[in-house]
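[1] got a predicted structure here, sequence first:
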Amino acid sequence: IIKSKGSNYKYDISLPINEYYDIVEEMRGHLSAVPNTEIVNWGHVIDGNLHLNVITHDQFEFDEEIKAAIEPYIFESVFKRGGSISAEHGLGQCKNEYLGVYAKNKAVVSLMKEMKDFFDPNGICNPGKFLPSKID
């Protein structure tokens, strides 16, 4: 049903239970000036996992300006609440550059990269899909 409404910008986040719905209201306020957007969400309250979706009504093309209105704002908001920008579905290809910024610290990311390099020295297992391509 959501796909029939318009483009969908999906976010799989987790938050402390007491912050669970506050981010939805915050995002609604933040995107109120962006025409034809709607926040649709569902999740698992028991573990704080929230599937937050921004739908653009009758606009089926990806829009870089809408994405820029959402990111990194949503990640900053999740981070300041003590949540995670990736819940059950992981970082994937879209959020891996935020690892070390809004998820984990740079020392942990460096250790993760060392472990990946050790077990996958040729970089053939899921290249670029988990760790950032560069660590500053």
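    That came in fine, so what should we check first? Everything quoted here is computed from the prediction, not taken from an experiment.
[2] so which helix or strand takes in Val101?
    According to DSSP states H and E, Val101 maps onto no helix or strand at all.
[3] and it, how far from Phe75?
    Distance, Val101 to Phe75, by CB to CB, to the nearest Å: 8 Å. C-betas here are computed from N, CA, C, even on glycine.
[4] so who does the closest residue to Phe79 other than its chain neighbours touch?
    Distances taken as CB to CB, 6 or more residues apart in numbering place Tyr102 nearest to Phe79, at 4.4 Å, with adjacent residues excluded. Taking CB atoms under 8 Å, 6 or more residues apart in numbering, we find Tyr102 in contact with Pro72, Phe75, Glu76, Val78, Phe79, Ile85.
[5] ok, Val101 and Phe75, which is more surrounded?
    Using other CB atoms under 10 Å, the more surrounded residue of Val101 and Phe75 is Phe75, with 21 against 18.
[6] which SS class is the more buried one?
    Of the three states, Phe75 takes helix under DSSP: H, G, I helix; E, B strand; the rest coil.
[7] can you tell me how far it sits from Pro121?
    31 Å.
[8] same check, this time on Gly29
    48 Å.
[9] off-centre distance for the longest helix anywhere in the chain?
    The longest helix of the chain (DSSP state H) is helix 106-119. Averaging C-alpha positions (CA atoms, centre = their mean, to the nearest Å) puts helix 106-119 21 Å from its chain's average.
[10] and if you look at stretch 71-84?
    Mean C-alpha position of stretch 71-84 versus that of the full chain (CA atoms, centre = their mean) differs by 9 Å.
[11] first-to-last residue distance for that stretch?
    14 Å (CA to CA, to the nearest Å).
[12] contact partners of it?
    For stretch 71-84, the external contacting residues (CB under 8 Å, 6+ apart) are 11, 13-16, 19, 22-23, 26-27, 30, 48, 52, 85, 95, 98, 101-103.
[13] mind giving me the PyMOL command for buried ones among these?
    PyMOL command restricting the contacts of stretch 71-84 to the buried ones, with burial defined by 16 or more other CB atoms under 10 Å:
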select buried, resi 11+13+14+15+19+23+26+27+30+48+52+85+95+98+101+102+103
